[in-house]
Structure formats: structure tokens, C-alpha cells
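# Provided below are the primary sequence and the corresponding predicted coordinates.
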Amino acid sequence: MAEQGDALCGAPEEPQPAGVTLSDSLISTRTRSAGPLPTGTLRLDRENITCIGKSRGQEGIHSLYLQQNQIEKLENLECFPNLRFLCLAGNRIQRVQNLQGLLQLSLLDLSHNLIQVLHTEELPRSLRILDLAGNQCTQQEGYRDGVLAALPRLLQLDSQPVRASFLGDLRRELAGRARLWRALSLEEHRARLEELRELLGAGQGGTARPGPQRCPQGRPGAPLAPLRAPSGSRQPPGQALQRESRAKGAGNGLQVPQTPCSSSRE
């Protein structure tokens, strides 16, 4: 009886399950036992997974759930080349790395891990949504600006929209460029108008304009050489002709018009 009591009291505790490696066999087992899931979706959350092993033939997986495991390192994810959604929240990851091969990745959840320093060059440029909340790296100086500069297509960071402020800056920059373009266009237009005025002025200055000419007697409208005033007279030729005509008309009893006819250019 004592031995049985000792045996009962000294019975070893139930062994804790060992760490699990993400492998082809695990994927196959969970795929068969899982309920109906959308095509291309694999759920392996809370499976006590400690590391991601190499696997083959996973091109059809688009969404991978690995949250609430014991994963410490991002590795071998290139075995899922068509991933668009990757959730690794609540693990023990210390560094963002080995993600450059995921060229189609749109959403990455690394919240509540152990990432102290973020190297933005390790993040895929295809990301639209990124969550790093609960990591020490979010407290480093310039964290948000650095992430936005590295990921130009990002729409949401740590559950906060980022596109609004980015679009505002973009609109202001485009508006400033448009104003500058209009100002330069207006200046060029004015310069061209000034050149045209100078060309027109030069053309007009080089052409002589004929003045009005008097009609000869008996030939209305015919050109006549300019009249010269009699020698010793200071009066203009027109006035001298008028005086002479009046004198002759008065002697003959005729009325002579005081203003001679003139022809102008038609």
C-alpha cells in the first residue's frame, strides 16, 4: 500500500507538448481536419508552432494565419510565393526579415511581438496594410514617417489610415506645380506677343506711306507732282495756287472753289 501511495504521490506530471514545426505534413493534416475554408486559406493559429520549416507545393496558399504561436524567426516564407495575407500576431518574433520574396503580400500583421528595431528595407513594397502595434519599434523616433516613406502604397499603419495625409500632401504639391506651370506659360506667351509686336513695328517702319495728291485740271484722280512755290515766295504751294486762281477767276467773272480737290489712297 505504501508503495502504491508513493507511486501515486510521486507520479510524474503530464509532459508538455514539444514545439511544432510548420511542415508539409502539418499543413496536410490541418487542411484535411479543418472545416470549410475559402480557397487558398490556411489556418494554423494556436498550434504551438515554434519555427517555420521548408515546404513544397504551396503556391496555392494566399492567406496564412499563424497568430498565437511561439514562432521566433521569420524564415522559409518563400515557400508561399503567392501570399497576400500573412498574420503572425502574438508570437515571439524579434526581427523583420526574409520577406522580400513575397512580391504579392498586401497585408502583414506582426502586432504584439518582440521587435525592438525596425529595418524598413526588409518590408515588401507591395504592402497596403501593416500592423506593428505592441512592438517596441513603434516607439523609435521617426517610426511612422520612415514606414510611410519606405512603403508608398500603404493604406493603413497600426490600424490608422495613412492615405489621407499622404493624399493631402500630394494634392498640395500638384497644385503648386500647376500654379508654376501656368505662370511660366503666361510669361512665355507675353514674350511671344512682344516679339510679334516688334516684328510688326519693324515692317511698318520700312514702308513709305504716300500722302494725298492734288487733282490736275481735266484729269480727276490722276497723280500730280508736288507744286513748288514761286521763287522768292515763302507761302506754301497750295496757298499760292489758291490766290492765283482767285485772281484769275475774279477777272473772268468766274467762281473758283477755295479748296482744291484731293485724292486719297483707296
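All right, it came through fine. Just so you know, these numbers come straight off a predicted model, no measurement behind them. Numbering: from 1, shown residues only.
# show me the contacts for Glu72.
Glu72 sits next to 50-51, 91-94 when contact means C-beta atoms under 8 Å, 6 or more residues apart in numbering. Every C-beta, even on glycine, is put in place using the N, C-alpha and C of the backbone.
# burial count for the residue nearest to Lys54 when sequence neighbours are not counted?
Setting aside the residues directly before and after it, Lys54 is nearest to Asn76 in space (C-beta to C-beta, 6 or more residues apart in numbering), at 5.0 Å. Residues lying near Asn76 (other C-beta atoms under 10 Å) number 17.
# same question, the one 5 residues further on
Other residues lying near Pro81 total 13 when counted by other C-beta under 10 Å.
# spell out the residue ranges of the helices in the stretch 1-150 of the chain.
2-9, 24-33, 143-150 (DSSP state H, counting those that start in this stretch).
# quick one on the thing from earlier: would JSON lines of the contacts of Glu72 with neighbour count, distance to Glu121 and pLDDT be doable?
Shown next, in JSON lines, are these (neighbours: other C-beta atoms under 10 Å; distance: C-beta to C-beta, whole Å; pLDDT from 0 to 100):
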{"residue": "Thr50", "neighbour count": "17", "distance to Glu121": "27", "pLDDT": "93"}
{"residue": "Cys51", "neighbour count": "16", "distance to Glu121": "24", "pLDDT": "93"}
{"residue": "Asn91", "neighbour count": "23", "distance to Glu121": "22", "pLDDT": "97"}
{"residue": "Arg92", "neighbour count": "12", "distance to Glu121": "23", "pLDDT": "96"}
{"residue": "Ile93", "neighbour count": "19", "distance to Glu121": "17", "pLDDT": "96"}
{"residue": "Gln94", "neighbour count": "16", "distance to Glu121": "17", "pLDDT": "95"}
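# now, those residues that are in strands?
Cross-referencing the contacts of Glu72 against strands under DSSP state E gives 50-51.
# format the contacts of Glu72 as a markdown table; extra columns: distance to Gly134.
Below are the contacts of Glu72 laid out as a markdown table (distance: C-beta to C-beta, whole Å):
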| residue | distance to Gly134 |
| --- | --- |
| Thr50 | 20 |
| Cys51 | 22 |
| Asn91 | 11 |
| Arg92 | 12 |
| Ile93 | 11 |
| Gln94 | 13 |
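# about what we covered before: ok, of the helices of the stretch 1-150 of the chain, where does mean pLDDT dip lowest?
Sorting the helices of the stretch 1-150 of the chain by mean pLDDT places helix 2-9 lowest, at a mean of 41.
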